[in-house]
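Asks: Make a model of this:
(chains A and B)
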Number of protein chains: 2
Amino acid sequence: MKSEIIAVGSEMLTPFRQDTNSLYLTEKLNEIGVTVSFKTIVGDRKRDLVNAIRAALARIDILVVMGGLGPTEDDLTREAMAEALALKLRREGPLVAALATRAAQWRIPLPSNNLKQADVLEGATILPNPNGSAPGQWLDTTFQGHRKLIMLVPGPPGECKPLFDAECLPRLLTVVPRRTIARRILRAAMIPESQADKLLAPIYTAYTDVETTILAHGGDIQLILLCSKSSPAAAKARVDELAGKLEEALEDWLYSSDGESLEQIVLYYLGLRQATLAVAESCTGGMVSQRITSVPGASRSFLGGAIVYSDTLKHAFAGVSPEMIAEHGAVSAEVAKALATGIRLRTGATLGLGVTGIAGPTGGTEEKPVGLVHIALSSAEKTESVEKNFRGDREKIREWSTQQALDLLRRRLR
Amino acid sequence: MKSEIIAVGSEMLTPFRQDTNSLYLTEKLNEIGVTVSFKTIVGDRKRDLVNAIRAALARIDILVVMGGLGPTEDDLTREAMAEALALKLRREGPLVAALATRAAQWRIPLPSNNLKQADVLEGATILPNPNGSAPGQWLDTTFQGHRKLIMLVPGPPGECKPLFDAECLPRLLTVVPRRTIARRILRAAMIPESQADKLLAPIYTAYTDVETTILAHGGDIQLILLCSKSSPAAAKARVDELAGKLEEALEDWLYSSDGESLEQIVLYYLGLRQATLAVAESCTGGMVSQRITSVPGASRSFLGGAIVYSDTLKHAFAGVSPEMIAEHGAVSAEVAKALATGIRLRTGATLGLGVTGIAGPTGGTEEKPVGLVHIALSSAEKTESVEKNFRGDREKIREWSTQQALDLLRRRLR
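Replies: Numbering: from 1, shown residues only, chains lettered A, B, ... in the order given. Predicted structure coming up:
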């Protein structure tokens, strides 16, 4: 069955804000085998809203309208739906009472305008919203002679998501043919995008019953595999078969077969090897540490480290001598190695990581251009370093450098 | 004039990817006085695409269709537009030649399927795309008796944005009544959201000709003021008048009158005072440093610092004694102050910042719950600290702590 999500709110038609609830609703609809064929974003104008609702009902079976259920004059979803379907709205006594109780509890006045939240479409079921004042509505009706399932859900994410899960999904499941979705997420690091495409496209395009989405960002690629079948075992088998072939093709670029992040994998290996880590970051300015410490429990393996932005601190915290910096420059393989070794010795960590580079936009020379980065990893046994020339702006260069540093760690630890 | 943006691509109907080009196009359209009344996202199915195009042309004057212009079988925008308008497509010789030249340069074969990129709608103008193989198209036509301006633009952001700027905007300006947009962005830190609303709403709602958007995230609020008038001076005057009143209401929560980020402001003040900064971060794990170093030129005032995740490093890098940690706990005002003072003395910076807290999800106790954070700032003259109890998950607590740390710096420096 085909569905459409309409997100209501003029703020989502500005350059500054986007609908994001629909990503969550799409995931939930997909999981029960419902495809989202259209998404529409419309502002708080009743005429536009009626138009969007009619356009949607003419082309799909299931319609979720999100937002515009609040108490203000701009909240027009109920009125627009009534007009689009030529249905009456009736004010529900128990809902009016609930609004009054809520207002009394919060010791706020109840303006008469607020009572519109108690208006319900003829024939609709009220969907309780424990997290807000406006309930949702469920309507099983016909439009131009065809059956349509319509849901009105509130806009704030904290109300929309729980209400959709608790009230809409169970009702949809009684109507929608039962299907199961199997899902797998593969992740790989630092593979060139063109190479990924050449390697992977011939494989996944042959699996027409598995939907493959590839997301690439900052040296990380995610392959999301989805398969919807009536049998759970059949769906899982197809996804696993394709995943196996893709894993083989990705060779050692692959770091995760089930969606874990690169920092999670690094921490997993550190725990497994009972190793500890310390870092000395220059151009990444804390990004490596920040990603590692974003994982709960990171403190078991991550000791910390130093942001050695100035040459003085490269010396003070990682023991890199001013002579070495004068001889090779702060951005050099020698200094990266000295940072890695120095921070390891200063902190007593098993592994030391050093990052130095030129993030730009200024500071580049012909010999050492913006984007040049040296990353080194040191243990008691050996110290190695890699040199990279990343392209893009300051933020991109820092992101890629961070990803490369974590990937160097992963490859050493695995 | 009213417009609609249609984003074409099945990947944007998954839970994993969103259209973001439309934010850019919306900004550009708004700047020439064109409102975006609808956004539609549709997959790579011709029937759905024709449906979306017809629905759009029936309700707006200006239509931008983005994506679906590439060489693959899934790229159907040209064909769908031809069907929706009952127009023919003609294959353009010069475009075929350009595709052949491009393929030869890149030493790749030119499959016959690729030639569809040379198909142009009857009456359309070809819009050159120097960044990709598929050109855009501009069509000034009628639909159901009304004049419609239609643009087909490529989907990849690196092709879409420059083509829209260079080819679409100048053509739109010859048709659209000339208006000017004045814009101001005010920013404030750490103001409670409910308080912001109570303070600001009565002010900006009175300016019905200025569109005010409020974005709140992680202790930061942005107020974006837009006013569109035929006279540039009149638009600017209205925006400035409202901005003045909002600035007054925001008192010292306001940190920026023109959109600069908090880290930019902190670095601006550091430069002005010829002061240097070093940080010792525990729970924020590098986020403070990362935000500061995201600003080009940060190295002029930011020396670096330490990620003192383990107690050993709190001692090694900031001189916090194990006795003090044993007595007060690692998360305490005393340790925050010792971190700030210690990192200042070790690095020779003018200012030292110390952050320690419990980011969770585990590690909290009844006395010191998850979300408890102490932040201290030390100079030769004085060392002060603030205690906060932030709510939310690990990421939120870290974001709020970072914002609070930067705001403490700003308040001291200004």
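
Asks: okay, now A:E334: neighbour count?
Replies: 17 (other C-beta atoms under 10 Å in any protein chain shown). Bear in mind the C-beta positions are built from the backbone N, C-alpha and C, glycine included.

Asks: Make sure I have this right: it is in a strand.
Replies: No: using DSSP: H, G, I helix; E, B strand; the rest coil, the assignment for A:E334 is helix, not a strand.

Asks: surely it meets A:S321?
Replies: No: applying C-beta atoms under 8 Å as the test, A:E334 and A:S321 come out as separate, 10.4 Å apart.

Asks: hey, where'd the strands end up in the stretch 51-200 of chain A?
Replies: Assignment of strands within the stretch 51-200 of chain A using DSSP state E, counting those that start in this stretch yields the ranges A:62-66, A:89-91, A:119-121, A:125-127, A:136-143, A:146-153, A:180-189.

Asks: what distance separates the start and the end of stretch A:346-365?
Replies: Stretch A:346-365 has an end-to-end distance of 32 Å (C-alpha to C-alpha, to the nearest Å).

Asks: Contacts (any at all) between chain B and that stretch?
Replies: Yes: applying C-beta under 8 Å from any C-beta of the partner chain, one finds stretch A:346-365 in contact with chain B at A:R346, A:T347, A:G348, A:A359, A:G360, A:P361, A:T362.

Asks: Take these and lay them out in a markdown table including secondary structure and pLDDT.
Replies: Formatted as a markdown table, the residues of stretch A:346-365 next to chain B follow (DSSP: H, G, I helix; E, B strand; the rest coil; pLDDT from 0 to 100):
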| residue | secondary structure | pLDDT |
| --- | --- | --- |
| A:R346 | helix | 96 |
| A:T347 | helix | 96 |
| A:G348 | coil | 97 |
| A:A359 | coil | 95 |
| A:G360 | coil | 92 |
| A:P361 | coil | 93 |
| A:T362 | coil | 91 |
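
Asks: which one of those residues has the most neighbours?
Replies: Highest neighbour count within these: A:A359, with 28 neighbours (other C-beta under 10 Å).

Asks: that older thread, point out the most buried one among the strands of the stretch 51-200 of chain A.
Replies: strand A:62-66 (a mean of 26; mean count of other C-beta atoms under 10 Å in any protein chain shown).

Asks: Let me see the residues that make contact with that strand.
Replies: The contact list for strand A:62-66 (C-beta atoms under 8 Å, 6 or more residues apart in numbering or on different chains) reads A:1-8, A:19, A:21-22, A:25, A:29, A:34, A:53, A:56-57, A:77, A:81, A:148-155, A:160, A:164, A:168, A:172, A:176.

Asks: Model confidence at the closest residue to A:K236 other than its chain neighbours, what's the number?
Replies: Setting aside the residues directly before and after it, A:K236 is nearest to A:A182 in space (C-beta to C-beta, 6 or more residues apart in numbering or on different chains), at 4.3 Å. For A:A182, the pLDDT comes out at 88.

Asks: worst average pLDDT in the strands of the stretch 51-200 of chain A?
Replies: Among those, strand A:180-189 scores lowest, at a mean of 91.

Asks: That strand pairs with which strands, parallel or anti?
Replies: Its sheet considered, strand A:180-189 pairs with strand A:220-229 (antiparallel), strand A:254-256 (antiparallel) by DSSP bridges.

Asks: Could you list the low-pLDDT ranges of the stretch 51-200 of chain A?
Replies: Counting by pLDDT under 70, the stretch 51-200 of chain A has low-confidence residues at A:194.

Asks: residues from it in reach of chain B?
Replies: Applying C-beta under 8 Å from any C-beta, we find that the stretch 51-200 of chain A lies next to chain B at A:N51, A:A52, A:A55, A:R59.

Asks: Turn those residues into a markdown table, including neighbour count.
Replies: Formatted as a markdown table, those follow (neighbours: other C-beta atoms under 10 Å in any protein chain shown):
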| residue | neighbour count |
| --- | --- |
| A:N51 | 21 |
| A:A52 | 29 |
| A:A55 | 25 |
| A:R59 | 18 |
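
Asks: with those in mind, which one is nearest to B:I397?
Replies: Lowest distance from B:I397 to these (C-beta to C-beta) belongs to A:A52, with 38.9 Å.

Asks: For that closest one, which non-adjacent residue is spatially closest?
Replies: A:V42 is the one closest to A:A52 (C-beta to C-beta, 6+ apart), at 4.4 Å.

Asks: How many neighbouring residues does that neighbour have?
Replies: A:V42 has 31 nearby residues by other C-beta under 10 Å.

Asks: so what's it up against?
Replies: Applying C-beta under 8 Å, 6+ apart, we find A:V42 in contact with A:I6, A:A7, A:V8, A:L13, A:D48, A:L49, A:N51, A:A52, B:S37, B:F38.

Asks: same deal with A:A280?
Replies: A:305-306, A:308, A:314, A:317-318, A:339-340, A:342-343, A:352-355.

Asks: elements contacting the strand or helix carrying A:I203?
Replies: Assigned by DSSP states H and E, A:I203 belongs to helix A:193-204. Helix A:193-204 sits against strand A:210-217, strand A:220-229, helix A:232-250, with contacts defined as 3 or more C-beta pairs under 8 Å, 6 or more residues apart in numbering or on different chains; DSSP states H and E.

Asks: how much does that helix deviate in direction from strand A:180-189?
Replies: 150 degrees (axes from the mean of the first three to the mean of the last three C-alpha atoms, to 10 degrees).

Asks: Filter the contacts of A:A280 down to the buried ones, PyMOL style.
Replies: In PyMOL, this line selects whichever of the contacts of A:A280 come out buried by 16 or more other C-beta atoms under 10 Å in any protein chain shown:
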select buried, chain A and resi 305+306+308+314+317+318+339+340+342+343+352+353+354+355
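
Asks: Among the contacts of A:A280, name the ones in strands.
Replies: Filtering these for membership in strands, criterion DSSP state E, returns A:G305, A:A306, A:G352, A:L353, A:G354, A:V355.

Asks: Closest to A:A326 out of those?
Replies: Looking across the ones in strands among the contacts of A:A280 and measuring by C-beta to C-beta, the closest to A:A326 is A:G354, at 17.9 Å.

Asks: Do I have it right that that closest one meets A:A376?
Replies: Yes: counting by C-beta under 8 Å, A:A376 is a contact partner of A:G354 at 4.5 Å.

Asks: Identify the contacts common to the two.
Replies: In contact with both A:G354 and A:A376: A:A336, A:K337, A:L339, A:A340, A:T341, A:S385, using C-beta under 8 Å, 6+ apart.

Asks: Also within reach of chain B: list those from those residues.
Replies: Counting by C-beta under 8 Å from any C-beta, no member of the shared contacts of A:G354 and A:A376 is near chain B.

Asks: nearest to chain B, of these?
Replies: The shortest approach to chain B among the shared contacts of A:G354 and A:A376 belongs to A:L339, at 11.6 Å (C-beta to the nearest C-beta).

Asks: So what sits opposite the closest residue to the closest one other than its chain neighbours in the bridge?
Replies: Distances taken as C-beta to C-beta, 6+ apart put A:G354 closest to A:L339, at 2.9 Å, once the chain neighbours are dropped. Counting by DSSP bridges, A:G354 is bridged to A:A280, A:A376.

Asks: what's the spacing between A:G354 and chain B?
Replies: Relative to chain B, A:G354 is positioned 13 Å away (C-beta to the nearest C-beta, to the nearest Å).

Asks: residue contacts, that residue?
Replies: With C-beta under 8 Å, 6+ apart, A:G354 has these contacts: A:279-280, A:318, A:335-343, A:374-378, A:385.
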